[in-house]
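In: For reference, the sequence and a predicted model appear below.
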Amino acid sequence: IYADLETIERRIDKAKKNSKSGDKKYLHEIEFLERIKAHLDSGKPVRSMELTDDERAAADELFLLTTKPVIYAANIAEDEIGNEPPAVQKLYDEAAKEGAAALTVCAKVEEELSELTDEEKEAKKRKLAIENGYDMEKSFASKSVWARIAVIAAGPVFNFLLAFVCAVVIVGSLGYDPCDIDVVKDNSPATEAGLQEGDVITKVNGHKVTFYRDFYFYRAYNADKTLNITFTRDGEKMTTTVTPQHIKQQKYQVGIMMNENCLISSVTKDSPAEKAGLKANDVIKAVDGTAMKNSSNVTEAITSSGGNKVVFTVARDGKNVDVTVEPKKVEVESYDTGFVVYGDRVKTSPIGTLKYSVEEVGYSVKTVIQSLGMLFTGKIGFDSLLGPVGTVSTMSEIVEESKADGAFYVFLNLMNLAALISANLGVMNLLPIPALDGGRLVFLIIEALRGKPVKREHEGIVNFIGMILLVILMIVVLLKDIMALF
């Protein structure tokens, strides 16, 4: 305290000299320093003063000895554990007055523990806990390894259950989207392979196809691959092979990118679409008065326009707006299968609803795993990652996209996003990443195989490193999301 008083007195003298210049900040500094001096004069350390956060920061910059944290420790006998003598309570009271922490230790017990093995330490702790009325059997650490595995796994499991509940609402309301072939072009790879309209694709190159989205997702990243297709026709299972035709052709385009629900995700600079006034987040409802159910419909309408002007009816800010666009002929390369799948949803029975709801969760899980794989192999970029800011932005886009269809469709689309997020969390939490549930499960499985746990200090170090890396990743993704807003 005396050393701090000398420091404060010197700071006061210096502040008084500087205050002669008329700068008011030195007057405030003097007032603050005088308060500290008065507190020290009363024999109390600075740490016990009631200060605001700003004042506490200013006091720390003075580097006073009595601002440093202090811990009072009392050595007690083994039979006094849990039944401390009155002198210990006085120690706690005195520490509280000075803004310090206090604790009790038993040097005899600590010395005994230091000489024990890990198993003996646990036994000793259990004995002391029981003697002091604490039921160790109720603690998480005391449970069997399989019970702890069940508790840790419960979080991801309930993520998948929530995704299933959301899927039941969606499939029950709208149905599911089977991969039915709607159009087969003449003299195309599809006709050569014997495909017909109405065939239902169930597998492509060994990948199960339950929904149109399964096929769409696979084709998006494997456009040039030969397709070994399994399909059903009139209840009969059949197989064929389709070799996509590499086509260089002149095609009419307007310069937009869409998702499968006809939401314009981006508009190419200086394109016909930009010049006409189409904007990102517009939802295409109709082209030349014909309703558009999916992006394939829109592409066909543009391609078949012959370069003539077409009228896009788009939903924007809750209103339908007509925009006239003149498609431009460009040379494009593509791999054409010769068949088109629109992915229209069809209603199903209650049993079918439960079945396809399970399939919906499976699709979400599979998509997350495949997307992670493509992220690490470079097939998709880092920009595909979304954090909390990006998720809220996506929710806003969904609301704007669905607003014109009514509140019920806004609700269903948000439920769809909730199902995807929940399944995503379930998968991510099960990944063997330190600090996440999957990382803890790895240590528990090792414990089950070895018959004894990994040393806590080793597990703690691994989890700490994992947490640091996760925090860094979250900060990077957060900054990316924020920058994307501008």
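Out: Yep, it's here. Keep in mind the model is a prediction, meaning the values are calculated, not measured.
In: Toward the C-terminus from the helix or strand harbouring residue 57, list the very next helix or strand.
Out: Assigning secondary structure by DSSP states H and E places residue 57 in helix 53-60. Next along the chain after helix 53-60, taking DSSP H and E as the criterion, comes strand 71-75.
In: Note down every partner strand of that next one and its orientation.
Out: In the sheet containing strand 71-75, the strands it pairs with under DSSP bridges are strand 101-105 (parallel).
In: Model confidence for the spatially closest residue to residue 325 that is not a sequence neighbour, exactly?
Out: When the adjacent residues along the chain are set aside, residue 325 lies closest to residue 276, with 4.2 Å between them (CB to CB, 6 or more residues apart in numbering). All C-beta spots, glycine's among them, are computed from the backbone N, C-alpha and C. What the model reports as pLDDT for residue 276 is 92.
In: how many other residues sit next to residue 276?
Out: A count of nearby residues for residue 276, using other CB atoms under 10 Å, gives 18.
In: Next, give phi and psi for it.
Out: Torsion angles at residue 276 (phi, psi; degrees, to the nearest 10) stand at phi -80, psi -20.
In: Can you point out the buried residues in the host helix or strand of residue 477?
Out: Element membership for residue 477 (DSSP H and E) is helix 456-484. Neighbour-count burial for helix 456-484, counted by 16 or more other CB atoms under 10 Å, picks out 459, 462-463, 466, 477, 480-481.
In: and of those residues, the nearest to residue 230?
Out: Closest to residue 230 out of the buried residues of helix 456-484 is residue 477 (38.7 Å), distances taken as CB to CB.
In: ok, now how distant is that closest one from residue 470?
Out: As judged by CB to CB, to the nearest Å, residue 477 and residue 470 stand 11 Å apart.
In: So, low pLDDT: which residues of the stretch 51-200 of the chain?
Out: Along the stretch 51-200 of the chain, the model assigns pLDDT under 70 to residues 82, 124-126, 128-139, 141.
In: can you give me the helices in it?
Out: Secondary structure of the stretch 51-200 of the chain, counting by DSSP state H, counting those that start in this stretch: helices at 53-60, 86-97, 107-114, 118-131, 145-174, 189-192.
In: Distance from the last one to the middle of the chain?
Out: By that I understand helix 189-192. How far helix 189-192 lies from its chain's middle: 43 Å, per CA atoms, centre = their mean, to the nearest Å.
In: before we move on, what about the third one?
Out: Taking CA atoms, centre = their mean, the mean C-alpha location of helix 107-114 is offset from the chain mean by 45 Å.
In: pretty sure residue 307 is in a strand, no?
Out: No: the assignment for residue 307, made by DSSP: H, G, I helix; E, B strand; the rest coil, is coil rather than a strand.
In: I figured it hits residue 252, correct?
Out: Yes: proximity of residue 307 to residue 252 meets the contact threshold set by CB atoms under 8 Å, at 5.8 Å.
In: The two: which has the busier surroundings?
Out: Counting neighbours by other CB under 10 Å for residue 307 and for residue 252 shows that residue 252 has the greater number, 21 against 10.
In: got a list of what the more buried one touches?
Out: Taking CB atoms under 8 Å, 6 or more residues apart in numbering as the definition of contact, the neighbours of residue 252 are 302-303, 305-307, 327-330.
In: which one of those has the most neighbours?
Out: With neighbours set by other CB under 10 Å, the maximum within the contacts of residue 252 is found at residue 327, which has 22 neighbours.
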